[in-house]
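Enquirer: kindly return the folded structure for what I paste below:
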Amino acid sequence: MTHTLPVLLFLCLLAFACKPKESHTADTKSADSLTESKAIDFQIIPGERVGPIQFTTSEADLLRRFGPSVVTAGDTIYGAEGEEFVGTTLYKGTVDEVQILYQDSSGRLHPELILIRPTTTDDEGNPLPNLAPTRWQTADGLRIGTQLSELEKRNGKPFKLWGFGWDYGGNISDWQGGKMSLPAGESLLALTLGPPATLTTAQEKAYGQVMGDSEFLSSFAPMKRLNPEVQAMHVSLGQSK
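Expert: Below is the predicted model of the structure:
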């Protein structure tokens with residue numbers, strides 16, 4: 001990942017902090033009860049696919065394969081500062097929920113950005129009980145819930161992220177040339193981190209030290225003590241060649 005993000009991706013990174021809360025009676029089920037006998041691959045391959053979703057996949061294709069019990073067609077997807085997009089949601093209201101934004105939004109053709117950002121707290125910010133982990137993950141196991149300490153190991157060196165408590169809070173801004181860096185101008189997988197659902201007294205203090213619109217190194221002592229975890233994954237798809 002680099003500092004340069006496509007405009008649409010940048011808006012949707014913002015959307016994780018800005019999207020309106022829905023009413024939660026805590027539907028914490030996974031997609032199992034919805035897919036029934038329909039097998040699905042939950043693997044993320046940035047730039048290529050998210051499960052069955054490729055650049056050539058349309059909303060109509062998804063409806064034919066999974067039906068309206070899985071596919072919410074023409075759904076409203078929230079971006080920055082109240083901006084709204086029309087897209088598709090799969091497994092809405094479950095921990096496996098994903099949102100799809102298209103290159104052709106009117107026809108819902110050519111997915112270009114997939115948002116994996118399950119809701120983990122209620123309207124008051126309290127952790128939802130008995131949440132199963134989402135099954136979406138990369139081939140090497142990167143997923144919602146992966147901690148900063150693990151990301152630093154994967155990268156092979158410290159990286160930079162924005163402080164918390166504002167619109168861009170928790171977005172990884174620069175992998176600092178580590179193993180998770182991509183060539184300039186590419187951003188196939190963007191990550192947003194957030195504090196753990198339950199904080200110790202020491203972590204609460206650390207959280208207060210990494211707030212605001214400044215970049216922090218993952219090796220900064222309060223950030224390491226907080227050890228935030230991935231709360232949103234934004235996967236870009238490129239046009240098949």
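Enquirer: okay, CA-based contacts and neighbour counts for the rest of this
Expert: OK.
Enquirer: distance between stretch 127-141 and the chain's centre?
Expert: 11 Å (CA atoms, centre = their mean, to the nearest Å).
Enquirer: same question for stretch 107-115.
Expert: With CA atoms, centre = their mean, you get 15 Å for stretch 107-115.
Enquirer: could you do stretch 131-148 as well?
Expert: Offset of stretch 131-148 from its chain centre (CA atoms, centre = their mean): 10 Å.
Enquirer: quick one: average pLDDT of that stretch?
Expert: Summarised as a single mean, pLDDT over stretch 131-148 is 93.
Enquirer: buried set for that stretch?
Expert: By neighbour count with 16 or more other CA atoms under 10 Å, stretch 131-148 contains the buried residues 131, 133-137, 142-148.
Enquirer: can you map out the strands along the protein?
Expert: Counting by DSSP state E, the segments of the chain that form strands are 43-45, 49-50, 53-54, 71-78, 84-90, 98-104, 109-116, 137-138, 160-162, 172-174, 189-194, 215-217, 229-236.
Enquirer: now these in JSON lines, with distance to Leu62?
Expert: Below are the strands of the chain laid out as JSON lines (distance: least, CA to CA, whole Å):
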{"stretch": "strand 43-45", "distance to Leu62": "16"}
{"stretch": "strand 49-50", "distance to Leu62": "13"}
{"stretch": "strand 53-54", "distance to Leu62": "8"}
{"stretch": "strand 71-78", "distance to Leu62": "7"}
{"stretch": "strand 84-90", "distance to Leu62": "9"}
{"stretch": "strand 98-104", "distance to Leu62": "11"}
{"stretch": "strand 109-116", "distance to Leu62": "11"}
{"stretch": "strand 137-138", "distance to Leu62": "20"}
{"stretch": "strand 160-162", "distance to Leu62": "35"}
{"stretch": "strand 172-174", "distance to Leu62": "31"}
{"stretch": "strand 189-194", "distance to Leu62": "22"}
{"stretch": "strand 215-217", "distance to Leu62": "39"}
{"stretch": "strand 229-236", "distance to Leu62": "18"}
